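K.L.:
missing the sequence, but the structure's below:
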């Protein structure tokens, strides 16, 4: 009976010690040593070429930090990777320029990025002629 009580006491001590150790780890992860709240972040700078893994630098008063970041390789370089837009459908093809146009309205600016409210993009008109009979079958002959 005493052995059972001793084992139970030992188990409780181990559980309490493990909980305290987990609490300390969480507190260390939350603390980054900075009390500054007005961080200014620069653009994501890729490690090589113009896309992929990289870093962004931030400053707040006399402190500075670097964060890891990633620039997708299919981003619209003209707008910056930190500006997110909601785009409309493509407009009709202009006979004079041979281009289609559509606009995008700013949805989100990440890391205090300076983004344009409305952007316009163009692309060449398709040279393919689309068949209007897609999905339709000729009537059966009987």
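P.N.:
Okay, I see it. Source: prediction; values computed, not measured.
K.L.:
What segments of the chain are helices?
P.N.:
Counting by DSSP state H, the chain has helices at residues 2-30.
K.L.:
what residues go with each domain of it?
P.N.:
In the domain annotation for the chain, the residue ranges read 35-72, 74-126 (the TED database).
K.L.:
Nearest to residue 7 among those would be which one?
P.N.:
Among these, domain 35-72 comes nearest to residue 7, with 46.0 Å by CB to CB. Glycine gets a C-beta too; all of them are placed from N, C-alpha and C.
K.L.:
ok, and for the closest one, which residues are buried?
P.N.:
Within domain 35-72, the residues that qualify as buried by neighbour count (16 or more other CB atoms under 10 Å) are 39, 41, 43-44, 46, 51, 54, 56, 58, 65, 69, 71.
K.L.:
I'd like these laid out as CSV, including distance to residue 87.
P.N.:
Formatted as CSV, the entries for the buried residues of domain 35-72 read as follows, by distance: CB to CB, whole Å:
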residue, distance to residue 87
39, 30
41, 25
43, 22
44, 21
46, 24
51, 20
54, 25
56, 25
58, 29
65, 33
69, 23
71, 19
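K.L.:
Of those residues, which pair is most distant in space?
P.N.:
Taking every pair in these and measuring CB to CB, the maximum separation is 24.3 Å, between 39 and 51.
K.L.:
roughly how far apart are residue 93 and residue 104?
P.N.:
Using CB to CB, to the nearest Å, one gets 19 Å for the distance from residue 93 to residue 104.
K.L.:
more crowded one of these two?
P.N.:
For the pair residue 93 and residue 104, the greater number of neighbours falls to residue 104 (19 against 13), based on other CB atoms under 10 Å.
K.L.:
what's that one in contact with, if anything?
P.N.:
Contact partners of residue 104, counting by CB atoms under 8 Å, 6 or more residues apart in numbering, are 79, 85-88, 118-121.
K.L.:
how far away is it from residue 121?
P.N.:
7 Å.
K.L.:
Between those two, which contacts overlap?
P.N.:
Shared contacts of residue 104 and residue 121 (CB under 8 Å, 6+ apart): residue 87.
K.L.:
right, and residue 107 touches residue 84 too?
P.N.:
Yes: applying CB atoms under 8 Å, one finds residue 107 in contact with residue 84, separated by 4.8 Å.
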